Each structure stands twice: as C-alpha cells, then as structure tokens.
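[1] Sharing a sequence plus its predicted fold:
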Amino acid sequence: MTTPLLSARKLEVSFEIGRKGFFGKPRLLRAVRGVDFDLMPGRTLGLVGESGSGKTTTAMAAIRLAPSTGGSVSFEGTDLMTLPAEAMRAQRKHLQVIFQDPYSSLNPRERVGAIVREPLDLMNVGDPAGRDDRVRELFGLVGLRPDQMSLFPHQFSGGQRQRISIARALATNPRLIVCDEPVSALDVAIQAQILNLLRRLQDEFGLSYLFISHDLGVVQFICDDIAVMYLGEIVEYADRPTLFSKPRHPYTAVLLEAAPSLLRRKSAGYRRAGMVKGDLPSPMNLPKGCAFASRCPKAQERCRAEAPVLRDVGDSRVACHFPLD
Amino acid sequence: MTKAVSPLGEAWGQFLRNKPAVAGLALLIVIVGFVLYGHFLFNADPYRIVWGPLTAPGEREGIPLGTDFLGRDIFVLLLKGGGPTMAVGLSAALLTVVIGIAMGALAGYFGGWVDDLLMRLTEFFQVLPALLFAMVLVTLFAPSLVTISFAIGIVSWPGTARLTRAEFLRIRELEYVTAARSIGAGNSRIIWKVILPNALPPLIVSAALTVGVAILFEAGLSFLGLGDPNTISWGQMIGQNRNFLLEAWWPVAIPGLAIFFTVFAVSLVGDGLNDAFNPKLRSR
Amino acid sequence: MSPLMSLSDLRVEFDTRHGRVTALSGISLDVMPGETLGIVGESGCGKSITALAMMGLIPNPPGHVTGGVIEFDGEDITRASNRRLRQLRGRDIAMIFQEPMTSLNPVFTVGDQIAEAILLHQDMSRAEADRQVIELLETVGIPEPEARAKSYPHQLSGGMRQRVMIAMAISCRPKLLIADEPTTALDVTVQAQIFDLMRDIQAKFGVAIVLITHDMGAIAEMTDRVAVMYAGRVIEQGTSDQILDTPLHPYTRGLIGCIPVLGRAAASTDRLPPLAEIPGVVPPLHLLGDGCAFAERCALADDHCRAVRPPLDDKGHPVACHHAGEIA
Amino acid sequence: MAMMRYILQRLLYGLILMLGVVVLNFFLIHAAPGDAAEVIAGEMGGTTEEMMAQIRAHYGLDQSIMVQLWIYLKQIAMGDLGTSYHFNRPVTELILQRLGPTVMLALSAQLIAMLLGVVLGVLSSRRPQGILSGFVSVFSTVGYAAPVFWTGLMLVILFAVWIPLFPVEGYVSARFRGTGLAYALNVAWHLVLPATTLGILFLAQYARLSRTAMIEVLGADYIRTARAKGLGEGKVTFNHALRNAVLPILTIAGLQFGNLISGALLVETVFNWPGMGRLAFDSVLRRDYPTLLGVLFFASAFVVLANLLTDLSYRFADPRIRTGGR
C-alpha cells in the first residue's frame, strides 16, 4: 500500500466569536471537529458538504492557510502543523491553491503574467531569465495565449481568470493542489471547460487534488474518493462508485436525493422520496449526540444521546449508529 | 491583440471624460500657477501702502481689486497670501494621510488588540472638536506654518484612519490575499504590495478632499488671528478686514472667493476621482 | 385553452455606456394556466429581464420596452396605466427572487411585510390580515408561525426567508408566479425543500409558474415546457422532454452535454468521459452582429450562419438554427 | 434591560474618553513652552519673584508632575475647572453661562440642515439625472467649498446691510427690555443669520449624503420586492427606502458633532454670539488657558453625549443591531 501524500489526523479548528457580557468567557465556534483524511498521490479527494459544513476551513487549515487549534497534518511525512514559519514557506512550493471566486482571487493591480510569475520569484524557482519562458509555457498549458500576459485581470472573462489561477497554481510544479470550489462561480458551459482542463492536467503531471465542492455532480465527475462533511465532521468516507451507488449515511442519501438531476423528470411524475426538514442547527450549541439527529429521518433515541464515530461499514466508513444497507 | 488597460489607467480615462472634474483640474492649475509664479509677473511688495484705505475695485487704475483697510493692494496681497494657505493645506493633508494610513493599515491588517488600541485612539481624537483643539495647540505653541500644519494634521487623521481600516478589513478577506500567502508572501509584502495598492482609490479621493478641508481649516485659524503672524494668508485678510465690513465688502469678499474657488476646484477633482474609481455609481 | 401570459415579439433596450443595446430582441412566449414554464440560459442571456418585463418592472431609465405586446389574461399590459399595473402586481402576478438574503426589507418584520401585500390588494382589517399572515407562514412550512411573524429578516435563515418570500407572493392567490433563480443562493437540501414547496403550492392553488434557471436539472425536475434563451432571443422551445431528450439547437445540446449528470453510471469504477464543452463565452450585447449570435461558438457554423440570423421555425419543435439537428 | 446595560456601558466609555481629554489637557499645558506661573503672573500684570512663588504654591506648580495631575483630576471631578485668568471667575460658571446659546445655535443649525437636506436628497434621488439632482450636486460642492465664516460675513452684507432684515450681530437687541415670548422672539430674530450660516454648511452635506444613500437603497433587491407587491412609488420611496437610507445618514450625523462645534465657534465669532466659541476666541486672545481648556472639555463632553444619543437612535432605527443579529 502506498503512503498518502497528505493526511490529517484529528484536525480541529475553533473560532472565538464575541463574548457573553463584558467580561464573560469567549464563545467558541467549533468549525472543524476532529477530521481525519488521507489523500493518495495522483488521486482526487473530494470534501463535500453544504455551507457551514467546514469543508473549506478543513482544507485551508490542513495547508496552514487558516489557523488550526488541534490535530496533525503530514505532507510527504513532514508534520506541517509544527513546522517553523520559514520551513512552511518553503513547503508551499509543493502545495498550491485554486480559489473559488475568479473575480477576487487575482490581484486587480497586477498584470496576469506577473501574477503567474510571482510564485516562481517568491520561491526562487529556476533562474530569473528562464521564468518568463516558464510563464509562457504555463499560459499555453491552460489554454491562454502568451500575448495575453501583459493584460490585467479585469480584461478576462470568469473562465479565463480561472485558467490564470490554475496557471499560477501550476507554476512551481506542486504535488498537491487544493481546489476550493473552482467552478461554482462559473456558468455551466464554462464549468465543463475548467473541469476537463483540471483532469487533463492531473493526468499530465500526476497531480493530486484536494477538491472542495457542494455540487455532487461535479464531485462525481472529478473525484476518486469522497468525504461527506456535516457541521465540521466527516460523516461518510468512501470511493466514488461506492458512495454514489450505495450511500450509507442518511445525510449522504439526503444530499443525493436533493440534488437536481437530468434523470428526474416532472413529466414522469417524479416526486422526491422525502427531504430533511428545517435548517442546519447552530454550530454554537451542538447537540450532545449525532449532529444530524435533529433532521435525520431515521434518528432514534440513541442518536440523540451518543455521538457516532466513523467506522467501517461495507466498503465505506460511516459515522452513523444505523447506517443504510 | 488586446491592449493592456491598467485599472488606474482606465480610471484616468474616465476622469478625463468627466467635464466638471476636468474643469476643476484646469481651475486648480490656474490658481496654483497664479500663486506660485504670479509674483514674477507682478513683482510688488504686498506690505506697501499704494493708495487710501478701502479703495473700491476699479476705482483707481492699477489697483484692479481695490485696497484693504491699510491701503495695501488687495491683488498683490492675494498673490502672496495664496502660498501659505496652500503650503499649509498640502503639508497638513500629507500629514493626515500618512498618519491615517499607517494607523488604519495596522489596525485593519492585524486586528485583535492592535485594532482595539488604535481604534480607541481614533475615537478619542474624533471626540475632540478639531478647530478648538487646533486653536489650543496653536495658542500653546507659537503659531507658525509648521505648528499650524501639525495642528491640522493631528486633528484630521481619524477619518482617513477609519477609511483605511475599513478598506484593509474588506480586502484582507479577499482571495487574492490568501493567494499571496499561499505562494509564500510575508506580512509586509501583503500590506504594502498587495492590499495598499488596492485600497488606494478611496484613499486618493479622501486625500484630495483632505487638502480642501485643510485649506479651509488654515483659513479658519488665520481668520481667528491664529495664523503665522509673519506671513500673509487669505483667511488672515478676511479676519483683518472684517471690522470694516460695513464700510467695505470687497476686502472681505475677494480673499473669500479665492479660498472658495480653490477648495471648489479641489473638490471637483475629488468628486471626479471618486466617480472614476466607482464605475458602479456612474452607470446609475 | 388561451394562454395566461403571452409575450409577442417583445423588444427591450437598455442605455449603457456602449450606447443603446438590445437586451431582448423579439421574444415570443406563452404561459398556459397552471403549467410550469422553464426559461433557461447562461448569465446575460436575458432571462431575468424577461421576468421583469412580465411584471412591468423593467427599470426605466435605463431600460425601455421598445416593441411587442405583453398580454396577461387577454389584457394588453404594455398599454396599461401604472395604476392598473400596480393592481395586477402582487395580486395576479407575483414574483420571488434569487437573493432571499437581500430581497426582504431589513427594517420591517416579516409579518408586516406580508401583511402589507395583503392589505394593499384585499379589503381586510389589520387583525384579519395578521391572522392570514400566520396561516400563510404555516402553509409555506415555517414552524412557530406566530413567533416568526414578529421576526426581522436577519433572524431567519436563507431558506426561511425564501419561504417568507413565497408566502408573500401567494398571499393574494396569484394566477402567475414568476420565480427568478429562486434557489441559486441556497444549499442543495434547502433548494430541494423550496422546489417541493413550489410544487405543493402549484398543486394546491393551480398557479402557473415561470421558473427562471441556469440549471438543467431544475428544468427536468420542475417544468412542463422550456424556452432556451441565448443573447436576448428564444432559440429553442418545446416540452421539457423534447428539449432534454432531443435537443435540436447545438447550444442546447452543449448545455445539456456539459453537465456532469448525477447518478449516471454511479456504480461504474471507470472514469467518466470528458464533458462536452462549449468554447468561448456569451458575446456582449453591444457586439452582436446580423448573423446567428451563437455562430462564434458553434462547430456547425458556416458563412450563412454568420450572415443570416435563423428564424424560430418548427422542426419537430420550434428552434432557431440553420443546422438544427445536425451533428458536428 | 439589555438597553439599560448598553447605555451604562456607553456612558462608562464616554467617561473614559473624557478622562483622556482631561489628561491630555493637563499635559498640553505642561508641554507648552514657558513657565505657566510666568504666564499667569504676566496676565495679572507683574512678575516679581515673590508673586511667582505665591502663584506656584497656589496652583500646586511646585509639586511633582504626577501629584499635580492627581490634584487636577480631583478638582475636575468636583466640577472645578480652575479659575479664569482674565475674568477671575470659576471657569465652570463662565462656561455654563455660555452653554445655552451654543447649544441653541448648534442644534437649530443641525436640525434645519438635516430636515431640509434629507428632503432635498430624497426628492432628487427619484430622478438621479434630473434638474434637482444637478442642483443638489452643485449646491453641496459650493456649500462645502465656502469657508463658513466667510459665508456668514457675506450673509451679513446681504441681509443686514444691503437688505436690512436681520441684525448684524449679538444675542438680543442692546436696549431690549421685553420678557417672555417677546424676548424669545427677539433672540430668534438674532439667531436667523448665524443658524442659517452654520446650517448651509451642513445642509449641503446632508443633501448630498441622503441623495447618495437613497439612490443606493432604491437599487436594493427589497425595493424591487416592494414594487413587485404592487406598492406605489410614494410608499416605496418613503416607507421602504427612506427607512433604510436614514441609517447611513444617522452614522454621518453622529460624526458631524465635532465639526458642528468647530463651525459654531467660527460663526459665533462672526456674529458676536455669546456662546462657548466666542468665549474660546476671547480666551485665546487673552491667553486665558484655564478657560480655553475648559471650553475644550465641555465641547468634548457635548460631542461624547451627542454620539451616545446618535448611537441610541441608530439602535432604535436598525433592528439588526437592536436584536443582536449579525
């Protein structure tokens, strides 16, 4: 068995938000609660969940772009959490990010050529003279013309900007790229261009992706392994065929039921089998038992009393007392 | 091939299409030119008494704007008086912007206790009525152009600081800042190279308006007799002549108009910059 | 059966800094009583402007309705007085919007905002209206309606706010409900709840729905008929099954092919095949020429396409393409 | 309950700010060049060594600086702001006498400016390209660019000299002996020009601000919702839009009180209005530091109080803050 490229153990992130009263204790929001995952080299691990599930925080904390409050993350055997700042900076060469919003992820005051070149300069990759050639090469790789290097971000469309973002992430030949909802701000037609590109680049360079998304269709297309998150915890963890053909956690089943699909037709009298009621409980006062119990169609007494832990069920790992068959 | 258009270049293009703003800029250039180089054209001693006191404009040839209460030529005084007014205006505005940006940037970027401390300080200075506090400073420390600029600067920076802080708080959360961090950029690079350039547009606008405010401020202090006693300034001219207002309006009205047009021009330019930087408002 | 809402050859223009551009160039659409019509397209295709036109709410300036007729229940509302339009709005035609977070006024309670719509169109006392507000909140599935009526919008979640918007929209039993991307800003489970609610309401009150969306999945699940829009025109129209199963326009085919379909080959361990791509982007409105607006992005396009705009002809169902049904 | 606690918190904070002002005052006097005793003695007309020593002892100037600060703070806590060098009367008493006219001037100007400004702003926002809108833009730039003391002087020439409708200066007519309503009317007659002068300055700002705020709000989604309900433009503008546009206007109003005091100071000087500003001006001329610093203290207190009231009205106007939402 190969060793994972990136693996997180008991990752925790809490935020202080306000205080109760003048001198009261700061209130803690536990955004990520003991998350474990392993990303294998050359594969794509999807973190899926709705807003408030902690998927982006998990990924950002894992590569130390957000402060974590507990747990460990090892990248190629190095524990990132205890690394001194300068050594961490050196590691960034190998772990890059593609962000969600094509409009705010590029500095509007920099020419796009300089944006793509910047990581090479900051990380001292290659000799300065060769860097321009590298930028030109990168532009070609992501489907942009090298003569566009001198333009500014606002002169590009959303899809093109996302290509620039990808070129920047590729610049230092990283082994891992965190993709934070890279297509959710794009029109569907453009989404397909970017998804195909990401997959092509993965094949070409043997990249590993940590892919964050709320869109199950996208996840099904691009991910090999999937972790479904709910309120800061992983509730189900499986490979793609297993998860999509045999969801074990009631929340996964609900997500699959909720997402629109071309295969469900009003003309064929489609009615949803059943949907969760209400909204996410407040992350400020989480229930004692399973966090999903308040909305779960299958919840029982035990679910409200005792929090389930992730365990093997069939080919999946599921945090549920009463997993589905 | 598409031509590169920088955001600043685009804003400048917008500015040039804004007629009032360009008119304001032209007016400003004329006034500044007049004040800077006017004495080469009309070399005269402003303190010299040229004719009887309170001569009306046009009453006597060679004294186009009349004389003041001592019989000095108002036109010549106007030429000389613009310099200190503008010098104080500019240096006070510069001080305001430097203090304001430094305070706001630190507070907005680092947050936490730094933010708390600096914002309390800002609130404190906002509670002090600016003109009154400047009066106290100028009274306690002898009035000179330096003291006055300093006094104006020290009371005006909170506005700029708040604005800078708000911009930093906003931009700090944008993804390109995280992106910079993800490629290994440090704090000072992020503050100066990433956030500040993007925070500049509203700061430029506010700096332009601060120049206007500082000029008005200087005029107010000089009017109250708290200007530098060794120089002439427009506000001082109004203050000195106002006791004779009932007999002669022009020695009061004319320097006031000079102040008015200067500030008017500055604020037209400021508004133009604002519109140029905020295309959203323009299209409405 | 005669249509409830009918647009014929509707033209809407906007003043922009590129001069006057045509946002809708001759749209014709019918909405039948009780049905759900989907309008689908990428951003900038004119679908939201179509919705606002149906409400008589094109912002003027900068927008102008420069041609065509909008008929509601047989009445030409392009010529109706403002007073008459206000009567229809909220009472016979209601609308819900994309952003539930910003579509409710933050300084009034949700109860007051619903009651305002009721009192405006119905002869009713305030107390009766308040009772009806509670009933409506219950209908749209809001728990503890008495307490929630006294809440301000910021105290409710996005899904709750969209429910409040729906309660407000159905408060006067409208004949037509226009929903402009009502779930785009919401999470998928909440989206499912809102769609279920809209279906229930349609079944209960028989209201016709115009659903504006960019999501083909929502089209499949929610609509009876579909109009596909591109660059200010309807380019294909038909029953939802016709559009989804036998799309004729290359753009429609691209839109369907580029979606990663959830559930297709779910158990397969093979990699899914690459998605279909539509190259390029939607052209800006001020750069539209004489020919087919899609020609620049179309693999089938020839000189004829670039020179002559194809009319909306019936080729099995209405489609505006010289090469309808051909495969590249 | 939550409201009371909030008010108490804010009051406490206000007191801390005022303490800061006092400490600043104290150090300013000590940082100033020259010996304070010398200045005082100079004011009293004579600088013999004996007199200086006496003064030092009297004002505690022979003590260490921290002890002096402590004494100063204790005095102020008792409401004693020292004695005016010039008038030789307690500063507090002097200022209390002048407080009324200043507050009257400042508040009437602020009230005129806000009401008229909001009306102008609202009306012009309905047609952002219309004539009224253009007028508001021009007027607000003009109002901002004209030095307020100069505007005052020009109004004097216009309405006191050329068209003598109002008195040139003062609070009441010199030989006026009326009481009650007649007295109030006489004061109001004197108030017209100063209040107008000060009002114009702020009217310009409020008109412009409320125009911008209204245009912004009228573009909001919930305005579209209100129209979609079938509401008429009047209700949309005044019920739905203005209620929201008031919020940024209140924020700015709160920040204006310091400027209001500064403006009042100049206007009082122009019109010889017997308020705190005039007192400050006089004490500057006479180097009467205790009085000047006393005015600064009171003016700051006024600003602190005004800010507190603004905050409270903001909480009242915005349910998001009142109910502790995000």
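    Sure, I can see it.
[2] Smallest distance to chain B belongs to which residue of chain C?
    Chain C approaches chain B most closely through residue C:17 (6.6 Å), counting by Cβ to the nearest Cβ. The C-beta positions use only the backbone N, C-alpha and C, and glycine is treated the same way.
[3] what's the answer for the stretch 151-300 of chain A, then?
    Of all residues in the stretch 151-300 of chain A, residue A:151 sits closest to chain B, at 4.9 Å by Cβ to the nearest Cβ.
[4] Give the bridge partners for the residue nearest the centre of chain C, please.
    Closest to where the C-alpha atoms of chain C average out (Cα atoms, centre = their mean) is residue C:212, at 2.2 Å. Here residue C:212 sits in beta bridges with residue C:39, residue C:180, as judged by DSSP bridges.
[5] how far away is it from residue C:222?
    Here residue C:212 is placed at a distance of 11 Å from residue C:222 (Cβ to Cβ, to the nearest Å).
[6] where do the contact lists of these two overlap?
    Counting by Cβ atoms under 8 Å, 6 or more residues apart in numbering or on different chains, the contacts common to residue C:212 and residue C:222 are residue C:38.
[7] what residues does the stretch 151-284 of chain B put near chain A?
    Where the stretch 151-284 of chain B comes near chain A, counting by Cβ under 8 Å from any Cβ of the partner chain, the residues are B:174-176, B:178-186, B:194, B:197-198.
[8] Now, of those residues, which are buried?
    Buried positions within these, assessed by neighbour count (16 or more other Cβ atoms under 10 Å in any protein chain shown), are B:174-176, B:178-185, B:194, B:197-198.
[9] for the longest helix along chain A, which positions count as buried?
    As far as residue count goes, and with DSSP state H defining each element, the longest helix of chain A is helix A:188-205. Applying a neighbour-count criterion of 16+ other Cβ under 10 Å, one finds A:188-199, A:201-202 buried in helix A:188-205.
[10] where do the helices sit along the stretch 1-150 of chain C?
    Counting by DSSP state H, counting those that start in this stretch, the stretch 1-150 of chain C has helices at residues C:47-55, C:82-88, C:110-121, C:126-139, C:145-149.
[11] what's the answer for the stretch 51-200 of chain B, then?
    B:74-110, B:112-127, B:130-140, B:145-172, B:175-182, B:187-189, B:196-223.
[12] Show me what counts as buried in the longest one.
    Going by neighbour count (16+ other Cβ under 10 Å), the buried part of helix B:74-110 is B:74-89, B:91-97, B:99-101, B:103-109.
[13] Look up how far chain A lies from residue B:21.
    Using Cβ to the nearest Cβ, to the nearest Å, residue B:21 is found at 22 Å from chain A.
[14] part of a helix, is residue A:235?
    No: looking at residue A:235 with DSSP: H, G, I helix; E, B strand; the rest coil, it is strand, so not inside a helix.
[15] contacting residues for it?
    With contact taken as Cβ under 8 Å, 6+ apart, residue A:235 is in contact with A:228, A:229, A:249, A:251, A:252, A:292, A:310, A:318, A:319, A:320.
[16] What number of residues are in the vicinity of the closest residue to residue D:169 other than its chain neighbours?
    Taking Cβ to Cβ, 6 or more residues apart in numbering or on different chains as the measure, residue D:169 lies nearest to residue D:272, with 3.9 Å between them; neighbours along the chain are not counted. Summarising burial for residue D:272: neighbours were counted as other Cβ atoms under 10 Å in any protein chain shown, giving 14.
[17] Ok, residue B:265 next?
    Residue B:265 has 23 neighbours, counted by other Cβ under 10 Å.
[18] again, but for residue D:241
    27.
[19] Quick check: closest non-adjacent residue to it.
    The shortest distance from residue D:241 to any non-neighbouring residue, by Cβ to Cβ, 6+ apart, is to residue D:217 (4.7 Å).
[20] likewise residue A:291?
    Here the residue nearest residue A:291, using Cβ to Cβ, 6+ apart, is residue A:231, at 4.3 Å.
[21] thought that neighbour was touching residue A:286?
    Yes: under the criterion of Cβ atoms under 8 Å, residue A:231 is in contact with residue A:286, at a separation of 6.8 Å.
[22] if you count what's nearby, which of the two comes out ahead?
    Here residue A:231 and residue A:286 are set side by side on neighbour count (other Cβ under 10 Å), and the busier one is residue A:231, at 24 against 17.
[23] low-confidence ranges in chain D?
    Applying pLDDT under 70 to chain D picks out residues D:1, D:32-47, D:58-62, D:323-326.
[24] how about the helices in it?
    With DSSP H, the ranges of helices along chain D come out as D:2-31, D:36-44, D:49-59, D:65-77, D:91-125, D:131-145, D:148-156, D:180-218, D:221-228, D:233-235, D:242-271, D:276-285, D:289-317, D:319-322.
[25] go on, chain A?
    With DSSP H as the criterion, chain A has helices spanning A:55-62, A:85-91, A:112-123, A:128-141, A:158-170, A:188-205, A:216-222, A:240-245, A:250-258, A:301-305.
[26] helices or strands up against whichever helix in chain C runs longest?
    With residue count as the measure and DSSP H as the assignment, chain C has helix C:188-205 as its longest helix. In terms of contacts (3 or more Cβ pairs under 8 Å, 6 or more residues apart in numbering or on different chains; DSSP states H and E), helix C:188-205 is packed against helix A:250-258, helix C:158-169, strand C:176-180, strand C:208-213, helix C:216-222.
[27] Just the buried positions in that helix, please.
    Taking 16+ other Cβ under 10 Å as the neighbour-count basis, helix C:188-205 is seen to contain the buried residues C:188-199, C:201-202.
[28] my guess is residue C:269 meets residue A:241, correct?
    Yes: under the contact definition of Cβ under 8 Å, residue C:269 touches residue A:241, with a separation of 5.0 Å.
[29] wait, what's in contact with the residue in the stretch 1-150 of chain B positioned nearest to chain D?
    Distances from the stretch 1-150 of chain B to chain D, computed as Cβ to the nearest Cβ, single out residue B:131 as the nearest residue at 3.4 Å. With contacts taken as Cβ under 8 Å, 6+ apart, residue B:131 has the following neighbours: B:155, B:217, B:220, B:221, D:261, D:262, D:263, D:265, D:266.
[30] Figure out which of the helices of chain D is closest to residue B:225.
    Distances from residue B:225 to each of the helices of chain D were compared using Cβ to Cβ; the shortest belongs to helix D:276-285, at 7.2 Å.
[31] separation between residue C:227 and chain A?
    Here residue C:227 is placed at a distance of 16 Å from chain A (Cβ to the nearest Cβ).
[32] that's a helix at that residue, yeah?
    No: with three-state DSSP as the criterion, residue C:227 is assigned strand and is not in a helix.
[33] pLDDT score assigned to it?
    Predicted confidence (pLDDT) for residue C:227: 96.
[34] Pairing partners for it in the sheet, please.
    Here residue C:227 sits in beta bridges with residue C:39, residue C:237, going by DSSP bridges.
[35] That one: what's it in contact with?
    The neighbours of residue C:227, taking Cβ under 8 Å, 6+ apart as the test, are C:29, C:37, C:38, C:39, C:40, C:234, C:236, C:237.
[36] what's the closest of the residues you listed to residue A:103?
    For residue A:103, the nearest member of the contacts of residue C:227 is residue C:40. The distance, counting by Cβ to Cβ, is 23.8 Å.
[37] So stretch A:303-321, near chain C or not?
    No: contact between stretch A:303-321 and chain C is absent, the nearest approach being 11.4 Å (criterion: Cβ under 8 Å from any Cβ).
[38] Please put the alpha-carbon coordinates of that stretch into PDB.
    Provided in PDB are the C-alpha atoms of stretch A:303-321 (Å, rounded to 0.1, in the frame of the first residue of the first chain):
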ATOM      1  CA  CYS A 303     -28.600   9.100  18.100                       C
ATOM      2  CA  ARG A 304     -29.600  11.900  20.400                       C
ATOM      3  CA  ALA A 305     -27.700  10.600  23.300                       C
ATOM      4  CA  GLU A 306     -24.400   9.300  21.900                       C
ATOM      5  CA  ALA A 307     -22.300  10.700  19.100                       C
ATOM      6  CA  PRO A 308     -21.400   8.100  16.500                       C
ATOM      7  CA  VAL A 309     -17.800   7.700  15.400                       C
ATOM      8  CA  LEU A 310     -16.500   6.900  11.900                       C
ATOM      9  CA  ARG A 311     -16.300   3.100  11.400                       C
ATOM     10  CA  ASP A 312     -16.100   0.600   8.600                       C
ATOM     11  CA  VAL A 313     -19.400  -0.400   7.100                       C
ATOM     12  CA  GLY A 314     -19.100  -2.400   3.900                       C
ATOM     13  CA  ASP A 315     -16.600  -0.500   1.700                       C
ATOM     14  CA  SER A 316     -17.400   2.800   3.300                       C
ATOM     15  CA  ARG A 317     -16.500   4.500   6.600                       C
ATOM     16  CA  VAL A 318     -19.600   5.900   8.200                       C
ATOM     17  CA  ALA A 319     -20.400   7.900  11.300                       C
ATOM     18  CA  CYS A 320     -23.900   6.600  12.000                       C
ATOM     19  CA  HIS A 321     -25.500   4.300  14.500                       C
END
